[in-house]
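J.: What follows is a predicted structure for the sequence shown.
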Amino acid sequence: MIRFGLRLTLAGGREAATRLVLVALAVTLGVGLLLTTLAGIHAVDAQNDRFAWLETGAAGAQHSTGGDPLWWRLTADTFHGRQIGRVDVAATGPGSDVPPGLPRLPGPGELYASPRLAQLLHDAPADELGNRYPGRLVGIIGSAGLPAPDSLILVAGHTAAELSQLAGADEVPGISTTTPSACNGPCYAIGIDANGISLVLSVVTAALLFPVLIFIGSATRLSAARREQRFAALRLVGATPQQVRVIATVESTAAAVLGVVAGFALFYALRPVLAPIPFTGAPFFVDDLSPSVLDVLLVAVGVPVAAAVTARLALRRVTISPLGVSRRVTPPAVRAWRLVPLLVGLAELAWFVVAGRPATTNEQIYAYTAGILITMAGLVIAGPWLTLTGSRLMIRRAGRPARLLAGRRLADDPRAGFRAISGLVLALFVGTVAVGLITSIDAAEAAPSETAAGRSTLLADLTDWSTRPPSSPVEAVPPQVTTDLQAISGVRAVVPVRLVSFTDQLPTGAVSCADLAAVPALGRCPAGAAAVRIEPGLAGSRFLPATWPTWDLSAGQLADLPVQTVAVVTDGSAAAIERARTVLETGLPTTYPGFAPETIAESNAQRARLNAQYRQLADVVILTSLPIAGCTLAVSVVAGLNDRRRPFGLLRLTGAPLSTLRRVVVLESAVPLLVGAAVAIGIGFLTAGLFLRSQLDYALHAPGGAYYVMVAVGLLAALAVLASTLPVLRRMTAPEAARFE
């Protein structure tokens, strides 16, 4: 039977070959997408793991042990808006551990740089970048020490006596093995917190899993439905139910195996294209986009098994009786209990609004992913009942034969009616959740539009946040620093903001109104004021007040306060900004590792980067799920037309106009589509609102017009798919289609 099944599959003529190709293509697309999302999660984890050695000086980090201790200091720098991680290191003995990617620890005055940073050091003028890192470049950091191919990292060598005197340096027993995510957030300003990205990628995987499985199932059912007549004939000539099951399994498994092989080939062919996409704010190494062995086994084995099971379930009528194909009865009616899983999924998400979100990121991943999966499954389960409700409304208002026929057919088998549009309904749900989340997060965290003053104003924060209250070691800006800054072409003003500690223990500054007038990006003084209380850290944020409150300080009292921030106003040119940044970094002490001089625009860009990453992931979900849903709809419509070839042919013979049959086909898909779309969009907004309220304590904001255009285009595309199948009705309903053999 296995050999016979393979012969029917591979040598069954053009129809069998077409059927095999369609199923294989469906499985190829599904496998490629599943592998991509699974590999994406692995890539995020791999990138996060390579940040671990940069967290060596972080409090609470776990270290390798057994060697001599070493001195370590991590700081962040910026060049043309790109973050640079600088590690100052000094060995205390010959057995000190070496960071990954380095052949040895650099000695005093020696530098190791990542490939991209080494190129920048070679190309950029020294007064814009190279002067910040005095020393001799002796080597390149290997890929084992680079989170991303374009990472900007520098390791500078010192003596232990020299480095131990620098603020922020720590003596550590070895190299950190703790990732930024294990710190429940980046331990320093260098690194990513993969927890949030893993949470979103897990939801992405769940969001893509259902449409992909529905697509594979629809394509497999197309193959199964067109084989029912042949298998019924085999039963009539003496084939046993077991033999028919074997043949059906062989045909479905052969197509699925071909699809799995092609899906793996598609995934590995697309890896070089996918790796440069900065989902985490940085591209991946190609090798990072590799699913685990368990993922490979699950996809390679699970997809063919699922295809075979689906085909056997679709052919259960034939295996029961050879007359099961021609003698069909109305399936059992659907009941309102189908709404229960949907309500359970929403109740699970609503519970976290009342009781609070889970404590850890892993618990949040499990909780929210489970809630969204249950809600998506609930939509699929409730879909036939919603379709039945829509069909009954259509029957009650039927004024034409096409509407009555479509309503009766939908009421007779609402499961089949909803199955054709289930993929699109899930795509609308996923897209609505993604758009609702991103729109609401942007509305809650958005900074004002970037201005010329924000792009040209450089702020150097000198606050030591490790003390309570926060302090500053700088009583005044050194005259040489001021002179060097003013000598730079393009620098227009150098303004110190003084540090004042208030009872709330937050560092707040004070500045004279004469100086503040030269820095419009920091706000303005009220009329008649000589000095104001100011918080420069709010510069460029949506919390910046129109005017700062007056502060009663004389010029002498203001000059006696230590410096909190140095504001440098430039003409906005990249050369002036980078030269001023170099002077600030080399001429002022850095007391708190991680804060480099930044323009206001660069600071806002850092705050918006995470939202941009989530927006990219949302775009991936939307742009991927909609084509899958469209393919599912096309396959389902073709399968439905094949199933109804004979009854439609009989209707043509009895005098039904072809136009009436076309309206029946459109209504049978359009009614469940519109009903399901309305419910999916509403449930999607509700799901997004529950997640936002429990996880972030944000309110749901309505999306802009682009979302509604996207929905309209998606629905019009679905109707276009329906319209594309109508021309085949004439051929399929020809008189010979109604012939009984």
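T.: In hand now; what should we look at? The structure displayed is predicted, hence computed values, not measured ones.
J.: CA only for contacts and neighbour counts going forward, please
T.: Will do.
J.: you'd agree T92 is up against W72?
T.: No. Here T92 lies out of contact with W72, judged by Cα atoms under 8 Å, at a distance of 10.9 Å.
J.: out of those two, which sits in the busier spot?
T.: Set T92 next to W72 and count neighbours by other Cα atoms under 10 Å: W72 wins out with 27 against 16.
J.: Strands of this structure, residue ranges please.
T.: 70-79, 82-91, 110-113, 136-140, 153-157, 170-172, 457-461, 491-501, 507-512, 531-534, 563-570, 598-599 (DSSP state E).
J.: In a markdown table, list the ones you listed along with distance to A677 and mean pLDDT.
T.: As requested, the strands of the chain are exported to a markdown table (distance: least, Cα to Cα, whole Å; pLDDT from 0 to 100):
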| stretch | distance to A677 | mean pLDDT |
| --- | --- | --- |
| strand 70-79 | 47 | 89 |
| strand 82-91 | 43 | 91 |
| strand 110-113 | 53 | 96 |
| strand 136-140 | 55 | 95 |
| strand 153-157 | 49 | 95 |
| strand 170-172 | 58 | 89 |
| strand 457-461 | 49 | 89 |
| strand 491-501 | 56 | 89 |
| strand 507-512 | 52 | 84 |
| strand 531-534 | 51 | 89 |
| strand 563-570 | 53 | 91 |
| strand 598-599 | 46 | 89 |
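J.: so which of these comes closest to F429?
T.: strand 82-91 (36.2 Å; Cα to Cα).
J.: just how off-centre is the closest one within its chain?
T.: Its chain's C-alpha centre and that of strand 82-91 lie 29 Å apart, by Cα atoms, centre = their mean, to the nearest Å.
J.: Could you tell me the end-to-end distance of stretch 640-659?
T.: 18 Å (Cα to Cα, to the nearest Å).
J.: Kindly state which of the strands of the chain is positioned closest to A347.
T.: A347 sits nearest to strand 82-91 of all the strands of the chain, at 42.7 Å, using Cα to Cα.
J.: What lies in contact with the closest one?
T.: Identification of contacts with strand 82-91 by Cα atoms under 8 Å, 6 or more residues apart in numbering yields 54, 68-78, 105-108, 151-160, 163, 190.
J.: show me what contacts the residue lying closest to P473 once chain neighbours are set aside?
T.: Distances taken as Cα to Cα, 6 or more residues apart in numbering place P562 nearest to P473, at 7.3 Å, with adjacent residues excluded. Neighbouring residues of P562 by Cα under 8 Å, 6+ apart: 472-476, 498-499.
J.: contacting residues for S440?
T.: Applying Cα under 8 Å, 6+ apart to S440 gives the contacts 698-703.
J.: Okay, it and G704: tell me how far apart.
T.: Counting by Cα to Cα, the gap from S440 to G704 is 11 Å.
J.: Please apply the same query to I277.
T.: 26 Å.
J.: Would you map the helices across the stretch 101-250 of the chain?
T.: 115-123, 160-163, 194-236, 241-274 (DSSP state H, counting those that start in this stretch).
J.: rank these by mean pLDDT and give me the bottom one.
T.: Mean pLDDT values for those show the minimum at helix 194-236, a mean of 63.
J.: burial measure for the residue lying closest to D571 once chain neighbours are set aside, as a count.
T.: Distances taken as Cα to Cα, 6+ apart put G490 closest to D571, at 5.1 Å, once the chain neighbours are dropped. Neighbourhood size, G490 [other Cα under 10 Å]: 20.
J.: Quick check, pLDDT for G490.
T.: pLDDT, G490: 94.
J.: can you check A546 too?
T.: Value for A546, per-residue pLDDT: 72.
J.: what does A608 give?
T.: A608 carries a pLDDT score of 68 in this model.
J.: Then R731?
T.: Looking at R731, its pLDDT reads 71.
J.: and what of V709?
T.: The per-residue pLDDT reported for V709 equals 85.
J.: thinking again about what came up before, tabulate the strands of the chain (TSV), appending distance to L234.
T.: What follows is the strands of the chain, written out as TSV (distance: least, Cα to Cα, whole Å):
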stretch	distance to L234
strand 70-79	73
strand 82-91	69
strand 110-113	71
strand 136-140	70
strand 153-157	69
strand 170-172	76
strand 457-461	81
strand 491-501	88
strand 507-512	85
strand 531-534	87
strand 563-570	85
strand 598-599	77
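J.: out of those, nearest to D295?
T.: The closest of the strands of the chain to D295 is strand 153-157. By Cα to Cα, the value is 32.7 Å.
J.: Alpha carbons only: can I get the closest one in PDB?
T.: C-alpha atoms of strand 153-157 as PDB (Å, rounded to 0.1, in the frame of the first residue of the first chain):
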ATOM      1  CA  ILE A 153      33.700  48.200  21.500                       C
ATOM      2  CA  LEU A 154      37.100  49.200  22.800                       C
ATOM      3  CA  VAL A 155      39.300  47.500  25.500                       C
ATOM      4  CA  ALA A 156      42.000  49.700  26.900                       C
ATOM      5  CA  GLY A 157      44.900  48.400  29.000                       C
END
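J.: elements contacting that strand?
T.: If contacts are counted by 3 or more Cα pairs under 8 Å, 6 or more residues apart in numbering; DSSP states H and E, strand 153-157 sits against strand 82-91, strand 110-113.
J.: Of those strands, flag the one that's most buried.
T.: strand 110-113 (a mean of 24; mean count of other Cα atoms under 10 Å).
J.: helices or strands next to that one in the packing?
T.: If contacts are counted by 3+ Cα pairs under 8 Å, 6+ apart, strand 110-113 sits against strand 136-140, strand 153-157.
J.: 10 Å instead, please
T.: strand 82-91, helix 115-123, strand 136-140, strand 153-157 (3 or more Cα pairs under 10 Å, 6 or more residues apart in numbering; DSSP states H and E).
J.: JSON lines for the ones you listed, including distance to I214?
T.: Listed next are the helices and strands packed on strand 110-113 as JSON lines, based on distance: least, Cα to Cα, whole Å:
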{"stretch": "strand 82-91", "distance to I214": "43"}
{"stretch": "helix 115-123", "distance to I214": "44"}
{"stretch": "strand 136-140", "distance to I214": "49"}
{"stretch": "strand 153-157", "distance to I214": "45"}
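J.: and E348, which of these is closest to it?
T.: If you check each of these against E348 by Cα to Cα, strand 82-91 wins as the nearest, at 40.3 Å.
J.: could you check the angle strand 70-79 makes with that closest one?
T.: Strand 82-91 and strand 70-79 are oriented at 160 degrees to each other (axes from the mean of the first three to the mean of the last three Cα atoms, to 10 degrees).
J.: Please put the alpha-carbon coordinates of strand 82-91 into PDB.
T.: C-alpha atoms of strand 82-91 as PDB (Å, rounded to 0.1, in the frame of the first residue of the first chain):
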ATOM      1  CA  ARG A  82      26.100  55.300  17.800                       C
ATOM      2  CA  GLN A  83      26.900  53.900  21.300                       C
ATOM      3  CA  ILE A  84      30.500  52.900  22.000                       C
ATOM      4  CA  GLY A  85      31.300  50.500  24.900                       C
ATOM      5  CA  ARG A  86      34.700  51.300  26.500                       C
ATOM      6  CA  VAL A  87      36.300  48.800  28.900                       C
ATOM      7  CA  ASP A  88      39.400  49.800  30.900                       C
ATOM      8  CA  VAL A  89      41.100  46.700  32.300                       C
ATOM      9  CA  ALA A  90      44.200  45.900  34.200                       C
ATOM     10  CA  ALA A  91      45.600  42.500  35.300                       C
END
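J.: quick one: that strand to strand 153-157, angle?
T.: 30 degrees.
J.: Looks like A420 contacts L633 (just checking).
T.: Yes. Between A420 and L633 a contact is recorded at 5.3 Å, counting by Cα atoms under 10 Å.
J.: ok, the two, which is more surrounded?
T.: Neighbours were counted for A420 and for L633 using other Cα under 10 Å; A420 has more, 28 against 25.
J.: Give the burial count for the closest residue to D295 other than its chain neighbours, as a bare number.
T.: Nearest residue to D295 in three dimensions, chain neighbours excluded: L38, at 7.2 Å (Cα to Cα, 6+ apart). The tally of other residues near L38 (other Cα under 10 Å) stands at 20.
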